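*Asks:* structure of the sequence below:
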Amino acid sequence: MYVDDIIVIGDDTNEIVALKQRLKEEFVIKDLGTMKYFLEMEVARSKEGIVISQRKYTLDLLKDTRMLACKSRQTPRERNWKYMKKDDDPPVDKERYQRLVRRLIYPSLTRPDIPYLVSIISQIIHAPTQQHLTVVFHILGYLNGTPGKGLLFQNTDERGAEGFSNADWAGLVIDSRSTSGFCTKL
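*Replies:* Now for the predicted structure:
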């Protein structure tokens, strides 16, 4: 039997040590210690909690797209931006656009501020125009100003669940579809 990666988490040190010992009895394992980097995600610990970010991935993306020196943006999109089909909007290189959008999907895992917009630009992947590419560059400019932003899982004694939701009813100008999202935190 071959197991690639096992991540052990918890706050009971004695239980973790016992589990590692049991695994060593059954398998050949290598203890890499406290996780710092996994699947392009950086894990940082502090007294406040654990922060998961994709700083290196973001900086590599900006470097590869030659956007490292671009003007930083304060928001991931222009205020009140809505996609409107324009007849005079020139088409852009479809493969380049698709490649950029694909590379923006992964940072969406640790950046709750960009998934909505990335989902919108992903829907227009079949025939992108200059306005779509402008939005992609705007997102890259935003990432340039906030490369280390990520998720904070705070240390707290409180246990429970929190739910957040948002909706944009009939907000897509293309077809009047609604977009909604939710996040549940345990």
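*Asks:* and Glu162, backbone torsions?
*Replies:* Main-chain torsions, Glu162, degrees, to the nearest 10: phi -130, psi 140.
*Asks:* hang on, isn't it packed against Thr184?
*Replies:* Yes - under the criterion of Cβ atoms under 8 Å, Glu162 makes contact with Thr184 at 7.3 Å. Every residue, glycine included, has its C-beta placed from N, CA and C.
*Asks:* now do the contacts for Ile139.
*Replies:* 76-77, 104, 114, 117-118, 121 (Cβ atoms under 8 Å, 6 or more residues apart in numbering).
*Asks:* show me the two of those residues that sit farthest apart.
*Replies:* Arg77 and Leu104 (12.2 Å; Cβ to Cβ).
*Asks:* more neighbours: which of those two?
*Replies:* With other Cβ atoms under 10 Å as the criterion, Arg77 and Leu104 differ in neighbour count, and Leu104 comes out ahead with 21 against 17.
*Asks:* three-state assignment of the more buried one?
*Replies:* Secondary structure, DSSP: H, G, I helix; E, B strand; the rest coil: Leu104 is helix.
*Asks:* give me the distance between it and Arg55.
*Replies:* Counting by Cβ to Cβ, to the nearest Å, the gap from Leu104 to Arg55 is 15 Å.
*Asks:* about what we covered before: turn the contacts of Ile139 into a markdown table, columns for secondary structure.
*Replies:* Shown next, in a markdown table, are the contacts of Ile139 (three-state DSSP):
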| residue | secondary structure |
| --- | --- |
| Pro76 | coil |
| Arg77 | coil |
| Leu104 | helix |
| Ile114 | coil |
| Leu117 | helix |
| Val118 | helix |
| Ile121 | helix |
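*Asks:* now the residues you listed in TSV, with distance to Met35 and pLDDT?
*Replies:* What follows is the contacts of Ile139, written out as TSV (distance: Cβ to Cβ, whole Å; pLDDT from 0 to 100):
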residue	distance to Met35	pLDDT
Pro76	28	76
Arg77	33	74
Leu104	25	91
Ile114	24	85
Leu117	30	83
Val118	26	86
Ile121	32	84
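*Asks:* quick one: low-confidence ranges for this structure?
*Replies:* In the predicted model of the chain, residues 1-9, 78-85, 166-182, 185-186 satisfy pLDDT under 70.
*Asks:* just checking, next helix/strand downstream of the longest helix seen in it?
*Replies:* In terms of residue count, the longest helix belonging to the chain (DSSP state H) is helix 130-145. Using DSSP states H and E, the next helix or strand after helix 130-145 towards the C-terminus is strand 150-154.
*Asks:* pairing partners for that next one, with directions?
*Replies:* Here strand 150-154 has these sheet partners by DSSP bridges: strand 49-53 (antiparallel).
*Asks:* next one: the strand it pairs with to chain centre, how far?
*Replies:* Distance of strand 49-53 from its chain centroid, counting by Cα atoms, centre = their mean, to the nearest Å, is 13 Å.
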